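Q: For reference, the sequence and a predicted model appear below.
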Amino acid sequence: MVLTSGNTDDMLFGRLALERDSVERESREKETKILSLNHQLEELQDRLAESDRVRAQQQRELDSYANSQDDVGKNVCIILLSVSMLNLIRKYSYVSYTYS
């Protein structure tokens, strides 16, 4: 088999087309991964904002109860709110990382 200029060009164009397709596929995969990670980031930011909102509300409740109770009532209130805050921390501390 004799290689002519046309055969060499066809092989070169074929190889370049395969490389182009490979680069395009890799680019799409990376774009998909970026979109997925951005979505996970948004979800985590939403969960953090909700956690901060609940924590601030509970702090206001604690302050309100502490100002309106005697010493025994204040201790009970602090214990109950501490347990509630620990439950909140447990609820929002679980983070799942999934990478595609």
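A: Noted; the coordinates are in hand. Numbering: from 1, shown residues only.

Q: Below-threshold pLDDT in the protein: ranges please.
A: Filtered on pLDDT under 70, the chain yields the residue ranges 1-6, 69-74, 93-100.

Q: host element of Trp56?
A: Just so we're on the same page, residue 56 is Ala rather than Trp. helix 5-68 (DSSP states H and E).

Q: And that helix, what does it pack against?
A: Helix 5-68 sits against helix 71-93, with contacts defined as 3 or more Cβ pairs under 8 Å, 6 or more residues apart in numbering; DSSP states H and E. From N, CA and C alone the C-beta is placed, and that goes for glycine too.

Q: any idea how far the helix holding Ala56 is from the chain center?
A: Centroid separation for helix 5-68 versus its chain: 8 Å, with Cα atoms, centre = their mean, to the nearest Å.

Q: what do you get for stretch 54-72?
A: With Cα atoms, centre = their mean, you get 32 Å for stretch 54-72.

Q: Send over that stretch as PDB, restricted to the C-alpha atoms.
A: Output in PDB follows, covering the C-alpha atoms of stretch 54-72 (Å, rounded to 0.1, in the frame of the first residue of the first chain):
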ATOM      1  CA  VAL A  54     -32.700  29.100  63.900                       C
ATOM      2  CA  ARG A  55     -29.700  29.700  66.200                       C
ATOM      3  CA  ALA A  56     -30.400  33.400  66.300                       C
ATOM      4  CA  GLN A  57     -34.000  32.800  67.100                       C
ATOM      5  CA  GLN A  58     -33.100  30.400  69.900                       C
ATOM      6  CA  GLN A  59     -30.600  32.900  71.300                       C
ATOM      7  CA  ARG A  60     -33.300  35.500  71.400                       C
ATOM      8  CA  GLU A  61     -35.600  33.100  73.200                       C
ATOM      9  CA  LEU A  62     -32.900  32.200  75.600                       C
ATOM     10  CA  ASP A  63     -32.200  35.900  76.400                       C
ATOM     11  CA  SER A  64     -35.900  36.500  76.800                       C
ATOM     12  CA  TYR A  65     -36.400  33.600  79.200                       C
ATOM     13  CA  ALA A  66     -33.200  34.400  81.100                       C
ATOM     14  CA  ASN A  67     -34.500  38.000  81.700                       C
ATOM     15  CA  SER A  68     -37.900  36.800  82.900                       C
ATOM     16  CA  GLN A  69     -37.000  33.900  85.200                       C
ATOM     17  CA  ASP A  70     -35.700  33.400  88.700                       C
ATOM     18  CA  ASP A  71     -32.400  31.500  89.200                       C
ATOM     19  CA  VAL A  72     -34.000  28.100  89.100                       C
END
